[in-house]
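**Student:** one predicted model, sequence on top.
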There are 2 protein chains.
Amino acid sequence: METKFKNVRCKDITPSLKGKIITISGWVHQIRDLGGKKFIVLRDGSGIVQVTVSKNEVSREILDAVESATLESVVQIRGVVKEDPRAPRGVEVAPIEFKIINLARKPLPLDVSGKVSADTDTRLRERVLDLRRAEMMSVVRIGDKALKVIREALRAEGFIEVFTPKIIATATEGGASLFPVIYFGREAFLAQSPQLYKELLAASFERVFEIAPAWRAEESDTPYHLAEFISVDIEAAFMDYEDVMKILEKVVYEVVRTIRDENIDDLRTLNYDPPEVPLPLPRIRYVEAIRILQERGMNVKFGDDIGTPEQRVLASVLNTQLYFITEFPTRIRAFYTKPKDEDSEVSESFDLVWKFLELASGSSRIYEKDQLIEALKSRGMNVENFQFFIKWFDYGIPPHAGWGLGFARFLMMLTNRGSVKEVTLFPRDKKRLTP
Amino acid sequence: METKFKNVRCKDITPSLKGKIITISGWVHQIRDLGGKKFIVLRDGSGIVQVTVSKNEVSREILDAVESATLESVVQIRGVVKEDPRAPRGVEVAPIEFKIINLARKPLPLDVSGKVSADTDTRLRERVLDLRRAEMMSVVRIGDKALKVIREALRAEGFIEVFTPKIIATATEGGASLFPVIYFGREAFLAQSPQLYKELLAASFERVFEIAPAWRAEESDTPYHLAEFISVDIEAAFMDYEDVMKILEKVVYEVVRTIRDENIDDLRTLNYDPPEVPLPLPRIRYVEAIRILQERGMNVKFGDDIGTPEQRVLASVLNTQLYFITEFPTRIRAFYTKPKDEDSEVSESFDLVWKFLELASGSSRIYEKDQLIEALKSRGMNVENFQFFIKWFDYGIPPHAGWGLGFARFLMMLTNRGSVKEVTLFPRDKKRLTP
């Protein structure tokens, strides 16, 4: 859209505009002075373009404005497009007018051009500048594309987008790690997951998905946990865990394929080439995984979690980056997980792992009332607290299954970053409540 | 996708499948007994299909199962597709196998077939059954389509999807109506809007949008307010209020057009035909609106809110369903709203109204630090609390503008329902924390 500030965005300035007078606006990304010429790299949300100021060809007024411009100042330029093979993308802009809209203070607390690196704490504190770095802009563009493709892939399978309540009366999966909210004088909580609500919605609409925040009061400071995170959730009636695994691997496949096809510049900026996703992904049963890990001398037994060190070993043994671990012990999964009919010690459940990180977790769910009550009781949970959920099992709850995928973990792996905090715009953890 | 529960969904059973043996699963929506024949209408997430049981042509086993099936029971049927012009969509299924997966208790606390109406309190209490009613399924499908079209329209204009933090340290727009959260022993709040964060993101990525929950501790119980609501937000650098109004009316236009084109059955179910959106929408300045209202004998003056009764009058005078009111008095808008350069009593702001309801609100924002601090002070707000925001005005904040649209209000008008609670799956208000 053309506005009074610009009639073209940086990335759309190509040699085909040669000779045209254009108006552009953005941030001063780089300044280089070569004596007779001054080069300003202008950046907007779409990319960068070179503005070349030939000192003895422009007015005093333009020269003064150019001289006073600091890095990250907001400027508006009217100028002529010229071809120049030495410039990025073969074009440059020669200014006719150069207006400083908002002068940036110097020095900047963080280098946006990417030449000087900063530690994570500094980057998160100076986040607005950090997000302007080329790498972060590529991360955000890849995240945007991933969201688009996830929704398209799910809609293609008949899933409907929903929103479930985030303020809830009862802990979903036990009681740990909830943030209390004071709700009109009453105690309530922030939802850890849309689990029970998405199950109820699958019992109305058959296939639903939600992409929304969820909260976990994680005390520990790890690269893979956030207090507030975006959860990609699906729930489908008349499907079991194997069906929803197929949907999950398809979603991952489509996202990786699209990013490899369409975000070539972003991947180049990030210096990363995500692997193609072979379908179907390898599946390994939990008992088999434990056996392999024991053979490799690791100290794990049936009933233990499979953590990052163990997942690394499995990825190496299976010779794959992405794989499913299936059929976890029933007692280490949430109460709503359906045990296998033929062996109730083991459940119809799975995790999706990328190298060393659990991306997603899912299962078939219990759909029979008596079995659900039994599952709550056997975990020492208070059945009364779940009456708002159990009630509906009298009124046609179908067999159903689903999964939840941590969006930041997925994006971290897609972009080869070191932490979920890095790929989250304004991360929340025990020590961060601002910016 | 084919699963062990079904190989076709109800809406995909057409005369082209005549003679084929299919497997379907869903809920028993209606039962009619005509002596020699029993008709069961089966419903899944896609729609309905008629199952016809000719009593002297099926086995005792099938007959027993069919006789015991109650409304809303979950069943799985294997059967032959037959053509029958009297059946809905000209097809019926003659069962070969009929299996009850989960028997529903009777009587149901709410009639799903839609013959017996219920009051809002009952509907919201028995929500899982209420959501299975044809009208609510249409509302949800139209909502899903609206979300899809909104995102597509914004992406087409170069907007990137983002997520801003929902747990915040400071009240955004004043202090009223916030829900406190206990965040690792500290007091924090649930975000009323993504306002300040989206402004900072526009200062990094130029054009951003977010569709996410927001919270307002509304004490009053009205058909148009929720404690938790989905807010559609955009923010764009290098745009002003007139630019983002164009984007807003384009989004509304695209949504209405698509629903009129693609959700024909849903609109028929809802017995509603939303009006075409004429572009550009009428715009009326606030001072002009006040003058018109005064001429009509209404008791309003410069500085007053324009509420539902006034909006009804304006819609009638302008002879339009949708219109913008622009350039509100600066002092009745939030601190970040940019006053007009030529008259600081009036601001670069707007509301979008549909008949009697404010759907969206937006403005150009202040982008100069001194003006921002002045705006806070003149409203008696504590400048210190906003340092995390003000700080960035030293580092290249561009001119920018944006809007927020209440998704439930939009969906309520798109579907001609009477309340935002009705179109929200599990609404939250002062008296509702479950289901």
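**Tutor:** Okay, I see it. Numbers count the residues shown, from 1 in each chain, chains lettered A, B, ... in the order given.
**Student:** what does the stretch 301-435 of chain A have sitting close to chain B?
**Tutor:** A:367-368, A:388, A:392-399, A:424-428, A:430, A:433-435 (C-beta under 8 Å from any C-beta of the partner chain). Where C-beta positions appear, they are placed from N, C-alpha and C, glycine not excepted.
**Student:** domain parsing of chain A, as residue ranges.
**Tutor:** A:10-102, A:129-415 (automatic domain parsing).
**Student:** what's the PyMOL line that selects buried ones from the residues of the stretch 301-435 of chain A next to chain B?
**Tutor:** Under the burial definition 16 or more other C-beta atoms under 10 Å in any protein chain shown, those of those that qualify are selected in PyMOL by:
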select buried, chain A and resi 367+388+392+393+394+395+396+397+398+399+424+425+426+427+428+430+433+434+435
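**Student:** so what's A:V256 up against?
**Tutor:** Neighbouring residues of A:V256 by C-beta atoms under 8 Å, 6 or more residues apart in numbering or on different chains: A:P274, A:P275, A:E276, A:V277, A:L414.
**Student:** where does pLDDT dip in chain A?
**Tutor:** A:171-176 (pLDDT under 70).
**Student:** let me see the ranges of the helices in the stretch 201-350 of chain A.
**Tutor:** Here the stretch 201-350 of chain A has its helices, by DSSP state H, counting those that start in this stretch, at A:241-262, A:264-270, A:286-295, A:308-318.
**Student:** between those helices, which one is nearest to B:R268?
**Tutor:** For B:R268, the closest of the helices of the stretch 201-350 of chain A is helix A:241-262, at 30.7 Å, according to C-beta to C-beta.
**Student:** buried residues in the closest one?
**Tutor:** Buried-residue list, helix A:241-262, by 16+ other C-beta under 10 Å: A:241-256, A:258-259.
**Student:** picking that back up, adding distance to A:T52, write the contacts of A:V256 out as CSV.
**Tutor:** Shown next, in CSV, are the contacts of A:V256 (distance: C-beta to C-beta, whole Å):
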residue, distance to A:T52
A:P274, 36
A:P275, 41
A:E276, 41
A:V277, 44
A:L414, 36
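**Student:** wait, which of the residues you listed is closest to chain B?
**Tutor:** Comparing the contacts of A:V256 against chain B with C-beta to the nearest C-beta places A:L414 closest, at 14.9 Å.
**Student:** who's in contact with that closest one?
**Tutor:** Counted by C-beta under 8 Å, 6+ apart, A:L414 has contacts A:I142, A:A146, A:V255, A:V256, A:I259, A:P274.
**Student:** can you tell me the SS state at the second one?
**Tutor:** Put simply, A:A146 is helix when judged by DSSP: H, G, I helix; E, B strand; the rest coil.
**Student:** show me the contacts for the closest residue to it other than its chain neighbours.
**Tutor:** Spatial nearest neighbour of A:A146, chain neighbours left out: A:V255 (4.9 Å); criterion: C-beta to C-beta, 6 or more residues apart in numbering or on different chains. By C-beta under 8 Å, 6+ apart, A:V255 lies in contact with A:K145, A:A146, A:V149, A:I150, A:A153, A:F410, A:L414.
**Student:** of the helices of the stretch 201-350 of chain A, which is nearest B:I22?
**Tutor:** B:I22 lies closest to helix A:241-262 among these, at 17.6 Å (C-beta to C-beta).
**Student:** relative to the whole chain's centre, how far out is that closest one?
**Tutor:** With C-alpha atoms, centre = their mean, to the nearest Å as the basis, helix A:241-262 stands 15 Å off its chain's centre.
**Student:** how about it as PDB, C-alpha atoms only?
**Tutor:** C-alpha atoms of helix A:241-262 as PDB (Å, rounded to 0.1, in the frame of the first residue of the first chain):
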ATOM      1  CA  TYR A 241      -2.700 -41.800  18.600                       C
ATOM      2  CA  GLU A 242      -1.400 -43.400  15.300                       C
ATOM      3  CA  ASP A 243      -3.800 -41.200  13.300                       C
ATOM      4  CA  VAL A 244      -2.700 -38.000  14.900                       C
ATOM      5  CA  MET A 245       1.000 -38.900  14.600                       C
ATOM      6  CA  LYS A 246       0.400 -39.000  10.900                       C
ATOM      7  CA  ILE A 247      -1.100 -35.500  11.000                       C
ATOM      8  CA  LEU A 248       1.800 -34.300  13.100                       C
ATOM      9  CA  GLU A 249       4.500 -35.600  10.900                       C
ATOM     10  CA  LYS A 250       2.700 -34.200   7.900                       C
ATOM     11  CA  VAL A 251       2.500 -30.700   9.500                       C
ATOM     12  CA  VAL A 252       6.300 -30.800  10.300                       C
ATOM     13  CA  TYR A 253       7.000 -32.100   6.800                       C
ATOM     14  CA  GLU A 254       5.000 -29.200   5.200                       C
ATOM     15  CA  VAL A 255       6.600 -26.600   7.300                       C
ATOM     16  CA  VAL A 256      10.100 -27.700   6.600                       C
ATOM     17  CA  ARG A 257       9.500 -28.100   2.900                       C
ATOM     18  CA  THR A 258       7.900 -24.700   2.600                       C
ATOM     19  CA  ILE A 259      10.600 -22.900   4.500                       C
ATOM     20  CA  ARG A 260      13.300 -24.700   2.400                       C
ATOM     21  CA  ASP A 261      11.400 -23.600  -0.700                       C
ATOM     22  CA  GLU A 262      10.300 -20.100   0.200                       C
END
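**Student:** any idea how far A:E135 is from the residue lying closest to A:D130 once chain neighbours are set aside?
**Tutor:** Nearest residue to A:D130, sequence neighbours excluded (C-beta to C-beta, 6+ apart): A:R123, at 4.4 Å. Using C-beta to C-beta, to the nearest Å, A:R123 is found at 11 Å from A:E135.
**Student:** what's the local residue count around the nearest residue to A:P194 once chain neighbours are set aside?
**Tutor:** Nearest non-adjacent residue to A:P194, counting by C-beta to C-beta, 6+ apart: A:T164, 4.1 Å away. When neighbours are counted by other C-beta atoms under 10 Å in any protein chain shown, A:T164 registers 23.
**Student:** cool, and A:G35?
**Tutor:** Neighbours around A:G35, by other C-beta under 10 Å: 6.
**Student:** residue in the stretch 201-350 of chain A nearest to chain B?
**Tutor:** A:E206 (2.5 Å).
**Student:** need phi/psi at that residue.
**Tutor:** Torsion angles at A:E206 (phi, psi; degrees, to the nearest 10) stand at phi 80, psi -60.
**Student:** how about it, nearest residue that isn't a chain neighbour?
**Tutor:** In space, and not counting its chain neighbours, A:E206 is closest to B:G45: 2.5 Å by C-beta to C-beta, 6+ apart.
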